[in-house]
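Visitor: I'd like to go over a predicted model; first the sequence, then the structure.
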Amino acid sequence: MTTRRLFDVAVLGAGPAGLTAALQCAETRRVVVCTPRVLDLPTPLRVDCIPAQTLVLLGELGIEPTVIGASLPTGRVRQAWTSSGSEDVLAARTFHIERHRLDRALLARALSNANIEFTSFVHRPEFRAHVFVGDGWRAPLIIDASGSAAVMAPKRFHPVHPWAARTWLIGAKQDDIKGFQIAALPEGYVYRLGTGSHTTVGVVGASRFVRAKPEDILARLQEVGCGWILEALEPFTKRQPSWGGRGSLQWSSLSMLPVLPVGDAAIARDPLSSQGLATALSDALSAAAVVDDAALELFRSRHCTNLANHISSLASHLRSCRWRDAPVWAQYLRFLMGHAQTSTGTVTFLSHGRLTSAVRAS
């Protein structure tokens, strides 16, 4: 008979959301992290954007800003979104970080924690007699941080024709530390951001456009008057893409079992939101605060509210785009409006390590 060790929490996935949840849970509980990949597998190189409060949170986890490539804050966005001309607009203060360095730092913290154990993830856990049973372990609670695979989700929602995304990592340009740049095209959009070491150029939209030759993407940018977004960069036509994946919103329905989806396993935001990493870490902290049935219900309410708010915000952003009537944009907007939800009017938040809720002020 196979011996399965009992843990308080099982975390599926070892990305930023999963490791953050594991580290937080490990303060008072025994955690097993189940990962389907080799732990030292290189993370794709790319630059992400996080708000200032997320940088503070990472500091509380023992990860210093310099370790993940964060330098000066930025509050500027150069965009060509509502019209053909570019404009500079003020935005909330954010930091650009290097995702591969964050992944390595979180993994090092988790590997050194005596309350966290790692195991391989081969089979989908089963729920038997009030406990989940996995490959060599048992636990009464699962935090699903398995990314867009969302292995514990009863159902996954996404457009019939999902958008794709692709990024290139290019030599750093000092000006990229100062802000975020984005330009809309009939087929999608292109964005640019960087740190002191690297600059990322991302292309998001219809799959055929995103997978086109770099020189064709560059020609299209110049054709619609947005070639400025690649100014002063070495030709990205000579670079291999560093990451490719989904580019449109997708999300999971909630399980009736004690499963807490976090990060992309809960709501995989498209790159347009620029807050996917920040919300993933927030999800992780909220999941770690679930210690009883009341907290579980608050977590589920939080998920529903976040989804409703995000769909509403994203739809509003798409409606403001000058290409909103182009087929690619109109199809995406119809999908969002078909899943529009009414917010409950309450907000769930962490207070002294516990989930609580309040009525949102009108």
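Guide: Perfect, I can see it now.

Visitor: mind listing what's buried in whichever strand or helix holds Leu296?
Guide: Assigned by DSSP states H and E, Leu296 belongs to helix 293-319. Neighbour counts over helix 293-319 (16 or more other C-beta atoms under 10 Å) mark 295-296, 298-308, 310-312, 314-315, 318 as buried. For every residue, glycine as well, the C-beta is placed using N, CA and C.

Visitor: same question, stretch 122-139
Guide: The neighbour-count check on stretch 122-139 (16+ other C-beta under 10 Å) flags Pro125, Phe127, Val131, Phe132, Val133, Gly134, Trp137, Arg138, Ala139 as buried.

Visitor: alpha carbons only: can I get that stretch in PDB?
Guide: What follows is stretch 122-139, C-alpha atoms only, in PDB (Å, rounded to 0.1, in the frame of the first residue of the first chain):
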ATOM      1  CA  VAL A 122       1.700  13.700 -12.300                       C
ATOM      2  CA  HIS A 123      -1.900  12.900 -11.600                       C
ATOM      3  CA  ARG A 124      -4.900  15.200 -10.900                       C
ATOM      4  CA  PRO A 125      -5.600  14.900  -7.100                       C
ATOM      5  CA  GLU A 126      -8.800  13.100  -6.100                       C
ATOM      6  CA  PHE A 127     -11.100  14.100  -3.200                       C
ATOM      7  CA  ARG A 128     -11.800  11.100  -0.900                       C
ATOM      8  CA  ALA A 129     -13.500  11.200   2.500                       C
ATOM      9  CA  HIS A 130     -13.000  14.900   3.100                       C
ATOM     10  CA  VAL A 131      -9.300  15.000   2.000                       C
ATOM     11  CA  PHE A 132      -7.500  15.400  -1.300                       C
ATOM     12  CA  VAL A 133      -5.200  12.500  -2.300                       C
ATOM     13  CA  GLY A 134      -2.300  13.200  -4.600                       C
ATOM     14  CA  ASP A 135       1.000  11.500  -5.600                       C
ATOM     15  CA  GLY A 136       2.400  10.500  -2.200                       C
ATOM     16  CA  TRP A 137       0.500  13.100  -0.100                       C
ATOM     17  CA  ARG A 138      -2.900  14.000   1.400                       C
ATOM     18  CA  ALA A 139      -4.300  17.400   2.300                       C
END
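
Visitor: could we number from 6 for the rest of this?
Guide: Let's use 6 as the start, then, which means that last one is stretch 127-144.

Visitor: contacts for it next, please.
Guide: 7-15, 17, 37, 39, 41, 124-126, 145-147, 156-157, 262 (C-beta atoms under 8 Å, 6 or more residues apart in numbering).

Visitor: just the ones of those residues in strands?
Guide: Here DSSP state E is the test, and the contacts of stretch 127-144 give Arg10, Leu11, Val14, Ala15, Leu17, Val37, Cys39, Thr124, Ser125, Ile147 as lying in strands.

Visitor: could you find the lowest-pLDDT member of those?
Guide: The member of these with the lowest pLDDT is Ser125, at 89.

Visitor: can I get the buried residues of stretch 127-144 in JSON lines with distance to Arg327, pLDDT and secondary structure?
Guide: Formatted as JSON lines, those follow (distance: C-beta to C-beta, whole Å; pLDDT from 0 to 100; DSSP: H, G, I helix; E, B strand; the rest coil):
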{"residue": "Pro130", "distance to Arg327": "47", "pLDDT": "95", "secondary structure": "coil"}
{"residue": "Phe132", "distance to Arg327": "49", "pLDDT": "96", "secondary structure": "strand"}
{"residue": "Val136", "distance to Arg327": "54", "pLDDT": "97", "secondary structure": "strand"}
{"residue": "Phe137", "distance to Arg327": "49", "pLDDT": "97", "secondary structure": "strand"}
{"residue": "Val138", "distance to Arg327": "53", "pLDDT": "96", "secondary structure": "strand"}
{"residue": "Gly139", "distance to Arg327": "49", "pLDDT": "94", "secondary structure": "coil"}
{"residue": "Trp142", "distance to Arg327": "52", "pLDDT": "95", "secondary structure": "strand"}
{"residue": "Arg143", "distance to Arg327": "55", "pLDDT": "96", "secondary structure": "strand"}
{"residue": "Ala144", "distance to Arg327": "50", "pLDDT": "97", "secondary structure": "strand"}
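
Visitor: between those residues, which is nearest Val165?
Guide: Pro130 (30.0 Å; C-beta to C-beta).

Visitor: quick check: that closest one vs Ala31, distance?
Guide: Per C-beta to C-beta, to the nearest Å, Pro130 is found 19 Å from Ala31.
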